[in-house]
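Asks: Return a 3D structure for these sequence lines:
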Amino acid sequence: MSNLYAEQKGKTLNLTEDELLTFYGILLISGYNTVPRQRLLWSDDYDVSNTAVKDAMRRNRFDEIMSSVHLVDNMKITADPFFKVRPLFKHLNEINNAIPIAEHVAVDEMMIEYFGRHGWKQFIRGKPICFGYKIWSLASSSGFVHQMESYVGSHTHLVETGLGQGPSVVLGLAEKAEVPPGVKFYHDSLFTTLSLVDEMTLRGYGSCGTMRQTQLHNVPFTVPQTFKKTPRGDAEYLIEAEKLIVRWNDNSVVTVVSNMEREFTETEVKRWKRLYI
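Replies: The predicted model follows:
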């Protein structure tokens, strides 16, 4: 596809598989051996040059490949905003699916940093990476990503369950990754609903996550404004239809729901406290 794209632009690239692998290797090196500008890796200055890169490929050849590298035929545009990189996501997910699923997995959103112009670039306040592409991910407790899916609205390649966006992401990633029953899922309030936990129970999955007040339909808990006035550490709970719902007063009111516990117990713990000198 890179050679085809170069031809469409009136250039001759003649890219080989070995060159492409070398090109990817230089990209990997530039990810951890960072310099102000990528071209400095070929510099003669000892403080920025990289001998491995200079011996592997000429700088001008790297620039030629960089300007033409493509994964699909650029003329076959589809409605999918990510059609240019969709084969890469598909290939990585196929490789990751070959790795056995861990007992504990988490569903969350990741950000791929990007500052250019694109219709699906996101801004999420409070994230370590605020600007970029949002990716739904299913990862193990070790941090290995078993499944990922780019967020592009209606073109997101995940099943629609009718339970809302958050539950659909959790269940969709579980289906695509072919997660076996018995695996325990953890998710934050963006994904957690009571209906999700019920559905996870039916599918044989463990489920645990924080919840937003707006999702606590018909749960007879104290009004948050009143509960905030109780002593720190006070808690209330409800056991209902295979679910344990617990709320306690911390820096704010925290609510957690899980289908992996059937009893509520309390214990005293020591809190970490910042010491000002």
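
Asks: Helices along the chain, start to end?
Replies: Per DSSP state H, the chain carries helices over the ranges 2-8, 17-32, 51-56, 59-68, 86-97, 165-176, 194-202, 224-227.

Asks: Out of the ones you listed, indicate the one that is most buried.
Replies: helix 165-176 (a mean of 21; mean count of other CB atoms under 10 Å). (C-beta placed from N, C-alpha, C; glycine too.)

Asks: Packing partners of it?
Replies: strand 104-113, strand 131-140, strand 145-150, strand 184-187, helix 194-202 (3 or more CB pairs under 8 Å, 6 or more residues apart in numbering; DSSP states H and E).

Asks: mind listing what residue 86 touches?
Replies: 71, 72, 80 (CB atoms under 8 Å, 6 or more residues apart in numbering).

Asks: Specify which member of those residues is nearest to residue 187.
Replies: residue 80 (26.0 Å; CB to CB).

Asks: Of the helices and strands packed on helix 165-176, which is nearest residue 232?
Replies: Per CB to CB, nearest to residue 232 of the helices and strands packed on helix 165-176: strand 184-187, 24.5 Å.

Asks: pLDDT averaged over the closest one - what is it?
Replies: Regarding strand 184-187, the rounded mean pLDDT is 96.

Asks: How about stretch 126-139?
Replies: Here stretch 126-139 scores 90 as its mean pLDDT.

Asks: Can you give the domain ranges for the protein?
Replies: 2-68, 86-258 (automatic domain parsing).

Asks: could the ones you listed go into a markdown table alongside distance to residue 264?
Replies: Shown next, in a markdown table, are the domains of the chain (distance: least, CB to CB, whole Å):
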| stretch | distance to residue 264 |
| --- | --- |
| domain 2-68 | 46 |
| domain 86-258 | 4 |
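
Asks: As a markdown table, the helices and strands packed on helix 165-176 with distance to residue 243 would be great.
Replies: What follows is the helices and strands packed on helix 165-176, written out as a markdown table (distance: least, CB to CB, whole Å):
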| stretch | distance to residue 243 |
| --- | --- |
| strand 104-113 | 18 |
| strand 131-140 | 22 |
| strand 145-150 | 25 |
| strand 184-187 | 14 |
| helix 194-202 | 5 |
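
Asks: Would you quantify the distance from the closest residue to residue 71 other than its chain neighbours to residue 42?
Replies: Among residues not flanking residue 71 along the chain, residue 87 sits closest, at 4.9 Å (CB to CB, 6 or more residues apart in numbering). Residue 87 is 30 Å from residue 42, where distance means CB to CB, to the nearest Å.
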